[in-house]
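K.L.:
Here is my input, please return the structure:
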Amino acid sequence: MKERRPVSMGQRWRRISTQSVDDNRLELALDSLPSIRNPRIRILPGSIRAEMEGVMGSINEVSIHVPRLSTRIWSQVVRVMRRSSSMQESLRVGRVPRSFDRLIARISGESITPEARRVSSACTCGTPDSPCRHVLALHELFARRLDERPWEALTLRGVDLKKLLDESSHDAHSEDLPPLAFGSREEPVLFPEGEESDMDSALSPGQISSLLGRQQIALFEELSAAITSYAEGEREPGENS
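P.N.:
Okay, the predicted model is just below:
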């Protein structure tokens, strides 16, 4: 059986940026890359911006825009990350593990890599093609950067990685979560690293509660009360409390 290799952040970006582009236009855009001198690319929360200098000395201002991830998800993300040392370690060295991407998708309802319909672009070249070859070239340049610097996808989506890691590095046992079984360093695998699972379904409130350990606490309390009630029922009449 052929081994399935994980799809890189750069490959995922190429997929969404070329969905509606025919092969001829894409080939022309890629052919123009060597003639674009000194592309100055800036990765900002919500946008990729570049000034591209052409062979005749013209300067085109090119930009790609994506929505930032909602700030409301991070408290839940941090609680789960505190229970996964491998996820933290990967992010600290600049990798974006698939498990982290799936965690974001299931809590927020969207992946780190945005859907194609949520990506917009602009260019000052004035050509009628949409997207123009400069925008397509910028997509490819960014995809190549992601192959070397996958964390820039987080910067683009408005993720403050340093703050996220600082908050998730707190001791997980200081919270009102049940202890990890058998002294484990992290939760069982939250989401596998393979490519087969869906990425577009959000967790229900009940599933999120279970993922964050809230339902387990209530279950333990109910179990403890049941054991106490059973023990009291087994006592003989007149037996001291």
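
K.L.:
now the helices for this structure?
P.N.:
Assigned by DSSP state H, the helices in the chain fall at 9-17, 23-31, 74-81, 85-92, 98-108, 133-148, 152-156, 161-168, 205-211, 214-234.

K.L.:
could I get those as TSV with mean pLDDT and mean neighbour count?
P.N.:
Any C-beta I mention is one placed from the backbone N, CA and C, and that applies to glycine too. Output for those, formatted as TSV (pLDDT from 0 to 100; neighbours: other CB atoms under 10 Å):
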stretch	mean pLDDT	mean neighbour count
helix 9-17	90	19
helix 23-31	80	13
helix 74-81	88	19
helix 85-92	89	17
helix 98-108	88	21
helix 133-148	91	21
helix 152-156	95	21
helix 161-168	92	14
helix 205-211	56	14
helix 214-234	67	11
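
K.L.:
Next, format those as CSV and append distance to Arg37.
P.N.:
Converted to CSV, the helices of the chain look like this (distance: least, CB to CB, whole Å):
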stretch, distance to Arg37
helix 9-17, 22
helix 23-31, 15
helix 74-81, 40
helix 85-92, 35
helix 98-108, 34
helix 133-148, 12
helix 152-156, 22
helix 161-168, 31
helix 205-211, 49
helix 214-234, 56
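
K.L.:
Out of those, which gets nearest to Glu115?
P.N.:
Between Glu115 and the helices of the chain, the shortest separation by CB to CB is 6.8 Å, and it involves helix 9-17.

K.L.:
just how off-centre is the closest one within its chain?
P.N.:
14 Å (CA atoms, centre = their mean, to the nearest Å).

K.L.:
now it against helix 98-108, angle please.
P.N.:
Counting by axes from the mean of the first three to the mean of the last three CA atoms, to 10 degrees, helix 9-17 points 40 degrees away from the direction of helix 98-108.

K.L.:
Now do helix 9-17 against helix 133-148, angle only.
P.N.:
Using the same axes, to 10 degrees: helix 9-17 against helix 133-148 is 150 degrees.

K.L.:
could you say what helices and strands helix 9-17 packs with?
P.N.:
helix 133-148 (3 or more CB pairs under 8 Å, 6 or more residues apart in numbering; DSSP states H and E).

K.L.:
With just CA atoms, put the helix it packs on into CSV.
P.N.:
The C-alpha coordinates for helix 133-148 follow below in CSV (Å, rounded to 0.1, in the frame of the first residue of the first chain):
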residue,chain,number,x,y,z
ARG,A,133,-1.2,37.2,-13.4
HIS,A,134,0.4,39.4,-10.7
VAL,A,135,-2.2,38.1,-8.1
LEU,A,136,-1.6,34.5,-9.3
ALA,A,137,2.1,35.0,-9.0
LEU,A,138,1.7,36.4,-5.5
HIS,A,139,-0.3,33.3,-4.5
GLU,A,140,2.5,31.1,-5.8
LEU,A,141,5.1,33.1,-4.0
PHE,A,142,3.2,32.9,-0.8
ALA,A,143,2.7,29.1,-1.3
ARG,A,144,6.4,28.7,-1.7
ARG,A,145,7.0,30.7,1.6
LEU,A,146,4.5,28.4,3.4
ASP,A,147,6.5,25.4,2.3
GLU,A,148,9.5,26.9,4.2
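
K.L.:
Make 331 the starting number, not 1.
P.N.:
With the count now opening at 331, the last piece we talked about shows up as helix 463-478.

K.L.:
follow-up on the earlier one: what's the closest of the helices of the chain to Leu374?
P.N.:
Leu374 lies closest to helix 482-486 among the helices of the chain, at 7.6 Å (CB to CB).

K.L.:
Run through the neighbouring helices and strands of that closest one.
P.N.:
By 3+ CB pairs under 8 Å, 6+ apart, helix 482-486 packs against strand 367-374, helix 463-478.

K.L.:
got these as JSON lines, with distance to Gly387 columns?
P.N.:
Below are these laid out as JSON lines (distance: least, CB to CB, whole Å):
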{"stretch": "strand 367-374", "distance to Gly387": "9"}
{"stretch": "helix 463-478", "distance to Gly387": "15"}
